[in-house]
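J.: make a model of this:
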Amino acid sequence: MGHMKFQAKIHVILKPTVNDPQGLTIKGGLQQLGFQGVESVRSGKYFEISIQAEDESDAKVLVDGMCEKLLANPVIENYEFTVSKSNS
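T.: Okay, here's the model as predicted:
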């Protein structure tokens, strides 16, 4: 069976117990702009990665490895992702 193309969408965000200076700065800026209802902001990163894999299960294993080894710092960040078959 040949390889198929998949699209991974990955969100990486700081763990709740980790200080987030960027989030605090954004929160302050939003409040200064009049968005008083903003109670907290957590900053993060978003990635879209196109990959080739045998099947969806294999693609998920690959993406999980990418997150563990480079895209996220498991000590201070959590990550979640979706993998879907790509039409392009």
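J.: burial of residue 21, as a residue count?
T.: Number of residues near residue 21 (other CB atoms under 10 Å) recorded here: 8. Every residue, glycine included, has its C-beta placed from N, CA and C.
J.: let's see the pLDDT reported for it.
T.: At residue 21, the model reports a pLDDT of 96.
J.: how near is it to residue 72?
T.: With the distance defined as CB to CB, to the nearest Å, residue 21 ends up 18 Å from residue 72.
J.: next one: residue 85
T.: When distances are taken as CB to CB, residue 85 and residue 72 turn out to be 24 Å apart.
J.: which of these two has more neighbours?
T.: residue 72 (23 against 11).
J.: need phi/psi at the residue most central in space within the chain.
T.: Among the residues of the chain, the one closest to the centroid is residue 11, at 1.3 Å (CA atoms, centre = their mean). For residue 11, the backbone dihedrals are phi -110, psi 130 (criterion: degrees, to the nearest 10).
J.: got it, and residue 39?
T.: When read as degrees, to the nearest 10, the backbone of residue 39 gives phi -100, psi -30.
J.: find the nearest non-adjacent residue to residue 9, please.
T.: Using CB to CB, 6 or more residues apart in numbering and skipping residues adjacent in sequence, the residue nearest residue 9 is residue 82, 5.1 Å away.
J.: also residue 3?
T.: Excluding its sequence neighbours, the residue lying closest to residue 3 (CB to CB, 6+ apart) is residue 52, at 4.1 Å.
J.: that neighbour touches residue 7, doesn't it?
T.: No - Residue 52 lies out of contact with residue 7 (CB atoms under 8 Å); the separation is 11.1 Å.
J.: neighbour count winner among these two?
T.: Neighbours per residue, other CB under 10 Å: of residue 52 and residue 7, the larger number sits with residue 7, 16 against 13.
J.: hey, what's that one bridged with?
T.: residue 50, residue 84 (DSSP bridges).
J.: show me the contacts for it.
T.: 48-50, 83-86 (CB atoms under 8 Å, 6 or more residues apart in numbering).
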